[in-house]
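Engineer: how does the following fold in three dimensions:
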Amino acid sequence: MALSLESQWTIVACGVMAHADGVLDGEECDLLLAMVEGEADAEEYSAWLSTISDRARLEEMLVQLPSPADSAHREILETAWTVAVADGERTDAEREALDRIATQLGVEGVQLEFWREAWTEGQHALAELVTDAACVVLAGDAPLDSDARKVIREFTRSVLTTDAHREELVGATAIPKRAEEVGRRLRGIPKRRRQWVIKTLAGVPGQTSRREDAQRRLMELGASGGLSAEVLSSLLAR
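Structural biologist: Below is the predicted model:
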């Protein structure tokens, strides 16, 4: 099963951004590929896992891939820009990498800058969704207990946002979340990001003594977000 051209571009763009200021590790590779879960069989998944780890190969593909539809440009670039803040800040190298990706897509600099300003707000919303979802996985609609609060604080260190915003996220977890509302918000984002959210949450149940309950709530949240049982099982198994 071959990945769509848009999916290939998404993986390559995110990989280029992830390599811009450091080395991509295996966990990050899995997280990137979670966005195309259900499109690739095991053999192709393995091939792409190898590709993402190879910075030189990603750079080759960036100039070799045919251009995707114009309608896909914004989402590809926004997803890549979101990956750039994995370490809590964005660097000049990452900005330059996004400029190169945009140039290959034929997106003008003025348009990219306009989009980039809007993406900061969107990224904060995504970080809030991921954190609220983690609260639901740990406690459902109930307030977090002391153990769950410790898990959440540790979890927010890996949320894709700035360090300052992570502190705000921790503070907001004092208010109980509603699983139904979080599921509705999850349905409102593109499928690739829904899958990425679930993959990001995959390790949360293992951090609590009530692992089975948390795992069940994670599956229920994914289903509420419109993901199939097959895709969910695959995301949480890897």
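Engineer: any idea how far residue 130 is from residue 197?
Structural biologist: 6 Å (C-beta to C-beta, to the nearest Å). From N, CA and C alone the C-beta is placed, and that goes for glycine too.
Engineer: in this model residue 157 seems to touch residue 170, though I could be wrong.
Structural biologist: No: using C-beta atoms under 8 Å, residue 170 is not in contact with residue 157, being 9.7 Å away.
Engineer: which one of these two has more residues nearby?
Structural biologist: Neighbours around residue 170 and residue 157, counted as other C-beta atoms under 10 Å, are more numerous at residue 170. The numbers are 17 against 10.
Engineer: and the pLDDT at the more buried one?
Structural biologist: Residue 170 is assigned a pLDDT of 94 by the prediction.
Engineer: equivalent analysis for residue 182, please.
Structural biologist: Looking at residue 182, its pLDDT is 97.
Engineer: quick one: residues in contact with stretch 58-78.
Structural biologist: Residues outside stretch 58-78 that contact it (C-beta atoms under 8 Å, 6 or more residues apart in numbering): 5-6, 8-10, 12-13, 15-16, 19, 51-52, 98, 100-102, 104-107, 112, 115, 119, 122, 190, 192.
Engineer: show me the contacts for residue 93.
Structural biologist: Contacts of residue 93 (C-beta under 8 Å, 6+ apart): 20, 21.
Engineer: that one and residue 19, how far apart?
Structural biologist: Residue 93 sits 9 Å away from residue 19, taking C-beta to C-beta as the criterion.
Engineer: what residues sit buried inside stretch 71-88?
Structural biologist: 72-86 (16 or more other C-beta atoms under 10 Å).
Engineer: I should have written stretch 13-24 there, sorry.
Structural biologist: Under the neighbour-count criterion of 16+ other C-beta under 10 Å, stretch 13-24 has 13, 14, 15, 16, 17, 18, 19, 20, 21, 24 buried.
Engineer: does the fourth one belong to a helix, a strand or coil?
Structural biologist: Secondary structure of residue 16, reduced to three states by DSSP: H, G, I helix; E, B strand; the rest coil: helix.
Engineer: for it, which residues are in contact?
Structural biologist: Applying C-beta under 8 Å, 6+ apart, one finds that residue 16 lies in contact with 58, 59, 62, 80, 97, 100, 101.
Engineer: pull the most distant pair out of those residues.
Structural biologist: Greatest spatial distance among the contacts of residue 16 (C-beta to C-beta): 59 and 80, at 13.9 Å.
Engineer: quick one: the strands in the protein, in order.
Structural biologist: Under the criterion DSSP state E, the chain carries no strands.
Engineer: would you point out which residue is most central in the chain?
Structural biologist: Against the mean C-alpha coordinate of the chain, by C-alpha atoms, centre = their mean, the closest residue is residue 196 at 4.1 Å.
Engineer: mind checking how far that one is from residue 109?
Structural biologist: According to C-beta to C-beta, residue 196 and residue 109 sit 27 Å apart.
Engineer: now residue 3
Structural biologist: Taking C-beta to C-beta, one finds residue 3 at 28 Å from residue 109.
Engineer: show me where the protein has its helices.
Structural biologist: Using DSSP state H, the helices found in the chain span residues 5-19, 26-33, 42-52, 55-64, 73-83, 92-105, 109-139, 146-156, 163-172, 179-187, 191-201, 211-224, 229-237.
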